[in-house]
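[1] Let's see this in three dimensions:
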Amino acid sequence: MNQFSINSLVNALRRGLSVFRPACRALLTPQAVVLEPGDKSAPLVRRLDATGLPLELQFTQAMAVLLQMLDQAGVQGQRLHLLVSDDWTRPALLALPNPSASETAVETLLARHYRGVYGDLMDAWQWCWDLQGIQLVAVAWPKVGLDALRAGLAVRFCTLASARSLGLALASQLSVESDVCWVLVNAPTSATLLRLQGSALQHWCVLAHPIGDVQSMPVQLAREALRRSDSCRSVVIIDCNASNTSALLLQNLLIAGWVARVCADSTFANMWGWRLQQLGHPAAPA
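    Alright, predicted model coming up:
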């Protein structure tokens, strides 16, 4: 066996042993990168200022900061669970007529969809997908940042155990009284709108908005409902906004005729992603 083969075997063994070590967790947003190393040490927080930068560059710089933080925490040979701000998320929710469609057919469908929505801007993005019955759930993130993460983890003998949209992860924690509702995840520079029926996801979109802008949300929500010919007027607000705009947002929705409520923080008491996003608030101690 040559030296190259031995090194490859050793590296594969190191990555394989990651399942026996505590996993680390990270949250990436335009405002901060937060890392929980997994060794019971305190989380690390690095503030970011992405003002005026293109989304792709924001994402790449956040990934570079994350890799630096992994080194600062001495992370080697561990699994990484990652949550990504919806600012960098391009979701897709499509009906798949043939549940037994090949991967090639699914990729073709997604390429047609994303090209139709974003055009050539999708050249710098990469998507992944999951099939839930006849429903195709996909998410796209900037490719350069993803490639940098994969390469950086490989050098550190780490594996990416999971990567999820923050908005979708938060919505999945809800236990709503009604069978049917809208969910509005209000973040500093984006808003995520999801339509749930029981545990089924029926609609998912991400809207960019200026910091603290809650005036337009009733209009945006009504527009998405109209697109679906949807009569549901129930909405649950998840407030990830450090400027505490939930009271005004709730008031505006109630005035517009929505049956709205703000989800209590206690709903996410056992969710590590919520804990990390609270630490990532500008007002939180670093």
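
[2] Might you report the residue contacts of the residue nearest the centre of the chain?
    Nearest to the mean C-alpha position of the chain, counting by CA atoms, centre = their mean, stands Ser165 at 1.7 Å. The contact partners of Ser165, by CB atoms under 8 Å, 6 or more residues apart in numbering, come to Leu83, Val84, Asp86, Thr89, Pro91, Val139, Thr192. (C-beta placed from N, C-alpha, C; glycine too.)

[3] For the longest helix anywhere in the chain, name the packing helices and strands.
    For the chain, the helix reaching the highest residue count under DSSP state H is reported as helix 55-72. Here helix 55-72 touches strand 24-28, strand 32-36, strand 44-47, strand 135-142, helix 143-155, going by 3 or more CB pairs under 8 Å, 6 or more residues apart in numbering; DSSP states H and E.

[4] partners of the fourth one in the sheet?
    Partner strands for strand 135-142, per DSSP bridges, with pairing direction: strand 90-95 (antiparallel), strand 125-132 (antiparallel).

[5] Deepest in the core, which of those is it.
    strand 90-95 (a mean of 17; mean count of other CB atoms under 10 Å).

[6] Compute the inter-axis angle for it and helix 55-72.
    110 degrees (axes from the mean of the first three to the mean of the last three CA atoms, to 10 degrees).

[7] Mind listing residues that contact strand 90-95?
    Contacts of strand 90-95 (CB under 8 Å, 6+ apart): 109-110, 113-114, 117-118, 125, 127, 129, 134-141, 165, 168, 201-206.

[8] Only C-alpha atoms, please: export it in PDB.
    Taking C-alpha atoms only, strand 90-95 is exported to PDB below (Å, rounded to 0.1, in the frame of the first residue of the first chain):
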ATOM      1  CA  ARG A  90     -33.700  30.300  -1.900                       C
ATOM      2  CA  PRO A  91     -36.500  27.700  -1.200                       C
ATOM      3  CA  ALA A  92     -38.500  25.800  -3.700                       C
ATOM      4  CA  LEU A  93     -41.700  23.800  -3.000                       C
ATOM      5  CA  LEU A  94     -42.900  21.900  -6.100                       C
ATOM      6  CA  ALA A  95     -45.400  19.100  -6.900                       C
END
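
[9] hang on, the earlier thing: narrow the contacts of strand 90-95 to just the buried residues.
    Applying 16 or more other CB atoms under 10 Å to the contacts of strand 90-95, the neighbour count classes 109-110, 113-114, 125, 127, 129, 136-141, 165, 168, 201-206 as buried.

[10] Dump stretch 115-126 to CSV, restricted to CA.
    The C-alpha trace of stretch 115-126 is given here as CSV (Å, rounded to 0.1, in the frame of the first residue of the first chain):
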residue,chain,number,x,y,z
ARG,A,115,-33.8,29.4,-13.8
GLY,A,116,-37.3,30.6,-14.3
VAL,A,117,-37.3,32.5,-11.1
TYR,A,118,-33.7,33.7,-10.8
GLY,A,119,-32.2,33.4,-14.3
ASP,A,120,-28.5,33.5,-14.6
LEU,A,121,-28.2,34.4,-11.0
MET,A,122,-28.5,30.7,-10.2
ASP,A,123,-25.1,30.1,-11.7
ALA,A,124,-23.5,30.9,-8.3
TRP,A,125,-25.9,28.8,-6.3
GLN,A,126,-26.3,25.1,-5.5
